[in-house]
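Enquirer: below are the sequence and a predicted model for it; my questions follow.
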Amino acid sequence: MTTTRRGALLGLWSGALLVCGCRVQFVKPPPDAEYRTLALNVARIAQDRSRLRVLGMTYFRNHGARLNPAELAEACFPTVEERQRALAMPAPRLLEWLATKARNDYEAGRVESVQGWLLSRTELRFAAIVALIRRL
Amino acid sequence: MDGLVPIDARSLKHTERLATDLCIVGAGAAGITMARALGHGSRRVLLLESGGLEPDPATQALYQGTSVGQEYWALHTSRLRYFGGTTNHWTGWCRPLDPVDFEDRPNMLGGWPLDYEELVPYYRLAQEDCELDLLDYRAESWADRYRLSLIPLGDPFETIAWQFSPPTRFGERYRRELCKASSVQVVTHANLVSVGLAKHGGHVERLTFRALNGPTFEVEPRAVVLALGGLENPRLLLASNDVEPRGVGNRHGTVGRYFSDHPHSVVGSLVLNGDYSEAAYTGTYRLDEGTSIRFSWALSEQARRALWAPGISVTLDPMGQSATDSDSAAVHSLMEQFGAPPTSSKFELFLRAEQQPNPESRVRLSKQKDALGMPRIELDWRVPAKLNDSVREAIVMLARTLGVNSAGRVLSYLHRSEKPKHAWPTLWGGHHHIGTTRMSEDPRYGVVDRNCKVHGVDNLYCAGSSIFSTAGYANPTLTVCALARRLADHLKETYA
């Protein structure tokens, strides 16, 4: 069996790719870390955090105070595709997308009562994320 | 005097007998409308009213009664007992029943034995009786006419229009016409105390009237129309028990049952998107001296059929600044962020609902007597718990349709966690006394037939809101007038 110089170079290149690929796979953060980042991005677009926190904390308590910001962000953007798109979005477009999701919630009946206010789940999750992330 | 003064019953002789073709008892919206419609024929029409031309405390006190069910207005303040009847304090809200109200829907005991189309020509006449514009209650056509923009809304809610009568005070407005009418004789201060049946029970031979501190006299009519209102019509039928022990027209025990009012409640509040004008929703809107109108929201006919839902309408009333508490302020922020910047004011959601006919909701005679010796009324108003469920669902549907359209956000007082389920924030009636001699072709479920004739009595009729088979959500006066016009036509044919 003879090995040409060209063949040896190709083999090395493939091996390097494999190693790099593994390393990329290894350093990529798990989804919950991405959702933590996404929750942070969502919280950053809130303009009036102190007001929203009131509503968000009530929603949080209504759900047994079990949810964390990453879980709330995951509930807003549940698929991999949505998560990645949302992570890449500038703030105004992310807000637009949330508003569209809120309208879809109203359309589909995903409405919850918080102290009698009948609001979409997306709006309430948004407020809860703002409430739970105190420091940006 | 101007020669247009009615006969005062106090001036009649004791035991005097008056003969007439048609005797209409009660000069409110129904009685006056019928007398006007019959006023120029060959039939002699006698229109008798308990009160005079002005209110009088002693006569008004004859209306006193007790309420043992759902809290209700004092019965002697809920209506007026003098010429013109309760139109003397009517606020003028007008709207016909919707076609769906006449249909046979679940829990509506068969609906009406007539349909909306049959009533349309009479609604047109009723529009004139109430000094209104065209029979057009479509919000879109009024919005076009007055160049108003409607708040976007989708199924299952729709925007509806109300028209406002000036309001017509039927007594003042039509007294002159009635007193001039060739075949009408008006008698005031005449209190009906007994409907006298023939021995076989199927025919009214005479009516006995008594004036307060005055004579007792009789009327011998060919036909009688009781137009005394939704509480007094059953009272008189039940109290006239000398031939039929359970009362006139009451062989099946239906007289006084199925009492309905329109449950009224402030069920929540609304923060509106500032892009939309609430002007046409929060006050009457009048242009160029035309008809006053106002918009509100209602469950669409389509939705009521599909959901088996009762009639539900919601009117917006201004209630001051919106962001007065921390939750409201948060909702303001949310709306601003989500592209629906709110107005600074908020609005009460004022509910008018329809209650389904319930035989246990009823008017009975009490053991107490009035100054004429007549048994007083005991009202047992019952609002079914499932109405609360229907309203809760409707509020969520309203919140959804407003949310989809980014038009506003709703605070529901029925969804607050501290409220037990089925508790109303407040609940009161609209002074609309409905259904106590309801119309049904089946005497087991109603007192009058489709011609407003009492089952089993060949010359006795009822008029007014007591004959409504179902209540809808619309205020009843326009329909009262339309049905009175229709009954007048029937009597013209029957007693030609």
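Expert: Arrived safely, thanks for sending.

Enquirer: and the helices in the chain?
Expert: No chain in the question, so chain A it is. With DSSP state H, the ranges of helices along chain A come out as A:5-27, A:31-45, A:49-62, A:69-76, A:80-88, A:91-108, A:121-132.

Enquirer: look at chain B instead
Expert: Using DSSP H, helices in chain B cover B:29-37, B:57-60, B:99-102, B:116-129, B:139-146, B:170-180, B:232-239, B:279-282, B:301-307, B:326-337, B:385-404, B:477-494.

Enquirer: mean confidence for the third one?
Expert: For helix B:99-102, the per-residue pLDDT values average out at 98.

Enquirer: what residues sit buried inside it?
Expert: Residues B:V100, B:D101, B:F102 are the ones in helix B:99-102 that count as buried (16 or more other CB atoms under 10 Å in any protein chain shown). The way it works is simple: take the backbone N, C-alpha and C, and place the C-beta from them, glycine included.

Enquirer: give the contact list for the first one.
Expert: Taking CB atoms under 8 Å, 6 or more residues apart in numbering or on different chains as the definition of contact, the neighbours of B:V100 are B:E301, B:R304, B:R305.

Enquirer: re the thing from before, turn the helices of chain B into a markdown table, including distance to B:V454.
Expert: Converted to a markdown table, those look like this (distance: least, CB to CB, whole Å):
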| stretch | distance to B:V454 |
| --- | --- |
| helix B:29-37 | 15 |
| helix B:57-60 | 26 |
| helix B:99-102 | 21 |
| helix B:116-129 | 20 |
| helix B:139-146 | 39 |
| helix B:170-180 | 24 |
| helix B:232-239 | 8 |
| helix B:279-282 | 42 |
| helix B:301-307 | 30 |
| helix B:326-337 | 54 |
| helix B:385-404 | 29 |
| helix B:477-494 | 12 |
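
Enquirer: for B:D442, find the nearest of those helices.
Expert: The closest of the helices of chain B to B:D442 is helix B:99-102. By CB to CB, the value is 15.9 Å.

Enquirer: from the chain's centroid, how far away is that closest one?
Expert: Chain-centre distance of helix B:99-102: 16 Å, with CA atoms, centre = their mean, to the nearest Å.

Enquirer: mean pLDDT lowest where, among the helices of chain B?
Expert: Going by mean pLDDT, the lowest-scoring of the helices of chain B is helix B:279-282, which has a mean of 82.

Enquirer: give the other helices and strands that that one contacts.
Expert: strand B:292-299, strand B:312-321 (3 or more CB pairs under 8 Å, 6 or more residues apart in numbering or on different chains; DSSP states H and E).

Enquirer: are any of the contacts of B:V100 buried, and if so which?
Expert: Using 16+ other CB under 10 Å as the burial test, the contacts of B:V100 include B:E301, B:R304 as buried.

Enquirer: pick the one among the contacts of B:V100 closest to chain A.
Expert: Nearest to chain A out of these is B:R304 (CB to the nearest CB; 18.9 Å).

Enquirer: contacts only, for the closest one.
Expert: Applying CB under 8 Å, 6+ apart to B:R304 gives the contacts B:V100, B:R105, B:P310, B:G311.

Enquirer: one more pass at 6 Å, please.
Expert: Contact analysis of B:R304 by CB atoms under 6 Å, 6 or more residues apart in numbering or on different chains lists B:V100.

Enquirer: please tell me how far it sits from B:D98.
Expert: 8 Å (CB to CB, to the nearest Å).

Enquirer: kindly report the same for A:L52.
Expert: In terms of CB to CB, A:L52 sits 42 Å off from B:D98.

Enquirer: the more surrounded of the two?
Expert: Using other CB atoms under 10 Å in any protein chain shown as the criterion, A:L52 and B:D98 rank with A:L52 on top: 26 against 20.

Enquirer: so what pLDDT did the more buried one get?
Expert: pLDDT for A:L52: 93.

Enquirer: quick check: residues of chain A near chain B?
Expert: Within chain A, the residues that sit near chain B (CB under 6 Å from any CB of the partner chain) are A:47-48, A:51-52, A:54-55, A:99, A:102-103, A:106-107, A:111, A:113, A:115-118, A:123.

Enquirer: give the PyMOL command for selecting the buried subset of these.
Expert: One line in PyMOL is enough to select the buried ones among the residues of chain A next to chain B; burial here means 16+ other CB under 10 Å:
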select buried, chain A and resi 51+52+54+55+99+102+103+106+111+113+115+116+117+118+123
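
Enquirer: deepest of the helices of chain A, which one?
Expert: Counting by mean count of other CB atoms under 10 Å in any protein chain shown, helix A:121-132 has the highest mean neighbour count of those, with a mean of 27.

Enquirer: output the contacting helices and strands for it.
Expert: Judged by 3 or more CB pairs under 6 Å, 6 or more residues apart in numbering or on different chains; DSSP states H and E, helix A:121-132 is in contact with helix A:31-45, helix A:49-62, helix A:69-76, helix A:91-108.
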